[in-house]
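Trainee: Everything below, folded, please.
(chains A and B)
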Amino acid sequence: ETGVTQTPRHLVMGMTNKKSLKCEQHLGHNAMYWYKQSAKKPLELMFVYNFKEQTENNSVPSRFSPECPNSSHLFLHLHTLQPEDSALYLCASSQVPGEEKLFFGSGTQLSVL
Amino acid sequence: QKEVEQDPGPLSVPEGAIVSLNCTYSNSAFQYFMWYRQYSRKGPELLMYTYSSGNKEDGRFTAQVDKSSKYISLFIRDSQPSDSATYLCAFQETSGSRLTFGEGTQLTVNP
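Mentor: Modelled structure (predicted):
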């Protein structure tokens, strides 16, 4: 498997559920990112990890909790979400943080009921 | 005022048409300019990257930057149905800083 893989592709959850999104990159990159993509809005950076250390948290609510156990894996743990959190969540990686060339996964389409 | 303005479309053109996609920006600190392409149900992929005013060509694609007018464009010549996607402009102040994206323009090229 190559590139950036995200699972699941689709997720429906209630506001009281706890779920996790998974991302794995097979590119040997050192930086990983979570982005949120909502309809009619620009891509919104959520978190940045460099060598599995979090280097940026873009004022994301605590109901989103990232975890980066190693440079190849990234998780986004979700709990007590709101309907407005429904969006496409994209994972990306780059060789180093801040590179212009990001490699994105296909995303997890999240619906919060 | 939004930092980046991009017409969301949708834009529909016949095959073979020349397509012009545009973004304006207000942040004079932007020094790097990119276009990403996002196919349906996929993540974005980097299409073009430039850091100077003027034109940069890659096959049927030309990226144009006008820093004085704070305006960038992506031209697609001889458009193909396979060009149907959403095109996102993106900007960066310095190498290593975060990217700022436009909302994306949805393009459909009809056979």
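
Trainee: which one is the residue of chain B found nearest chain A nearest to, not counting chain neighbours?
Mentor: Going by Cβ to the nearest Cβ, chain A is nearest to residue B:43 of chain B, at 2.8 Å. All C-beta atoms are positioned from the backbone trio N, CA, C, and that covers glycine. Residue nearest to residue B:43 in three dimensions, not counting chain neighbours: residue A:104, with 2.8 Å by Cβ to Cβ, 6 or more residues apart in numbering or on different chains.

Trainee: which stretches of chain A form helices?
Mentor: Applying DSSP state H to chain A gives no helices.

Trainee: For it, which residues score under the pLDDT cut-off?
Mentor: Low-confidence segments of chain A (pLDDT under 70): A:1-2.

Trainee: quick one: contacts for whichever residue of chain A sits closest to chain B?
Mentor: When scored by Cβ to the nearest Cβ, chain A has residue A:104 as its residue closest to chain B, at 2.8 Å. By Cβ atoms under 8 Å, 6 or more residues apart in numbering or on different chains, the contact list for residue A:104 reads A:4, A:35, A:90, A:91, A:92, B:42, B:43, B:44, B:45.

Trainee: swap in residue A:101?
Mentor: A:94, A:95, B:46, B:49.

Trainee: and the gap between it and residue B:49?
Mentor: Using Cβ to Cβ, to the nearest Å, residue A:101 is found at 7 Å from residue B:49.

Trainee: what does chain A put close to chain B?
Mentor: A:4, A:40-43, A:45, A:48, A:56, A:90, A:92, A:96-107 (Cβ under 8 Å from any Cβ of the partner chain).

Trainee: hmm, which of the residues you listed are the buried ones?
Mentor: Buried members of the residues of chain A next to chain B, counted by 16 or more other Cβ atoms under 10 Å in any protein chain shown: A:4, A:42-43, A:45, A:48, A:90, A:92, A:97-100, A:102-107.

Trainee: Among the residues you listed, which ones are in strands?
Mentor: A:4, A:45, A:48, A:90, A:92, A:103, A:104 (DSSP state E).

Trainee: where's residue A:55 relative to residue A:46, distance?
Mentor: Counting by Cβ to Cβ - residue A:55 and residue A:46 are separated by 13 Å.

Trainee: now residue B:25
Mentor: Residue B:25 is 22 Å from residue A:46, by Cβ to Cβ.

Trainee: Check residue A:52 too.
Mentor: 16 Å.

Trainee: Comparing the two, which shows the higher neighbour count?
Mentor: residue A:46 (20 against 16; other Cβ atoms under 10 Å in any protein chain shown).

Trainee: tell me the contacts of the nearest residue to the more buried one once chain neighbours are set aside?
Mentor: Distances taken as Cβ to Cβ, 6+ apart place residue A:34 nearest to residue A:46, at 4.2 Å, with adjacent residues excluded. Contact analysis of residue A:34 by Cβ under 8 Å, 6+ apart lists A:23, A:45, A:46, A:47, A:64, A:66, A:74, A:76, A:89, A:90, A:91.
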